[in-house]
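*Asks:* Show me how the following folds:
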Amino acid sequence: MKTTAARLVELLTRYGLTVTTAESCTGGLVSAAITAIPGASSVLDGAIVTYSPAVKGRFLDIDPSILYEVGVISAECAKAMAEGAAKLFAADCAIALTGYAGPGGGDEDDPVGTVYIAATLFGETIVRRMTLSGDRDAVREGAAKAALNLLREQIEEKVG
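*Replies:* Numbering: from 1, shown residues only. Next comes the predicted model:
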């Protein structure tokens, strides 16, 4: 994951972009990967772990209908998390993740290992749904790496 984070920090630095993260199921792994790279302080002003629906609503200004009707494990919630984090930290781009890392949780539609990842760049947000296998650590690490790659791809496509 360090190589993936290093590539992202390199792109952010090259283009003078700032990034933030809003994480749920990964509990800060994405921001930890970014801050492990020398020079990250020039691109990351802050990050937030929002585990509960109430905290997602309070700090990321997510509409209660998304949180309590659509659900926190959804594309809509991941999108709102990314957009809320970008606004909260006045960042050019943001990464957000929400999902079921396991071993519990999940349902027929979204089983354990389902993660929704969103990346926002200049207000344009893309969301991906993934179903990862393995134990809790494997799901969390796989999701974090995929999130870093998603934003990297978006920057390379739109800016690079």
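*Asks:* CA atoms for contacts and neighbours, from now on please.
*Replies:* Noted.
*Asks:* Please enumerate residues in contact with the helix ranked longest in the chain?
*Replies:* Of all the segments of type helix in the chain, defined by DSSP state H, the longest one is helix 136-158. Residues outside helix 136-158 that contact it (C-alpha atoms under 8 Å, 6 or more residues apart in numbering): 1, 4-5, 7-8, 11, 25-26, 29-30, 94-97, 101-103, 113, 115, 117-121, 132-133.
*Asks:* Pull out the buried members of the residues you listed.
*Replies:* Among those, those buried by neighbour count (16 or more other C-alpha atoms under 10 Å) are 1, 4-5, 7-8, 11, 25-26, 29-30, 94-97, 101-102, 113, 115, 117-121, 132.
*Asks:* Of those residues, which belong to strands?
*Replies:* When the buried ones among the contacts of helix 136-158 are checked against strands (DSSP state E), the matches are 94-97, 115, 117-121.
*Asks:* Could you list the buried residues of stretch 49-69?
*Replies:* So, applying 16+ other C-alpha under 10 Å, buried residues of stretch 49-69: 49-51, 53, 56-57, 59-62, 66-67.
*Asks:* I'd like these laid out as CSV, including secondary structure, distance to residue 15 and pLDDT.
*Replies:* Compiled in CSV, the buried residues of stretch 49-69 are given as follows (DSSP: H, G, I helix; E, B strand; the rest coil; distance: C-alpha to C-alpha, whole Å; pLDDT from 0 to 100):
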residue, secondary structure, distance to residue 15, pLDDT
49, strand, 26, 98
50, coil, 28, 97
51, coil, 31, 93
53, helix, 34, 96
56, helix, 30, 97
57, helix, 31, 97
59, helix, 28, 97
60, helix, 26, 98
61, coil, 28, 96
62, coil, 29, 97
66, helix, 33, 98
67, helix, 34, 97
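*Asks:* of all those residues, which two lie farthest apart?
*Replies:* 49 and 66 (17.9 Å; C-alpha to C-alpha).
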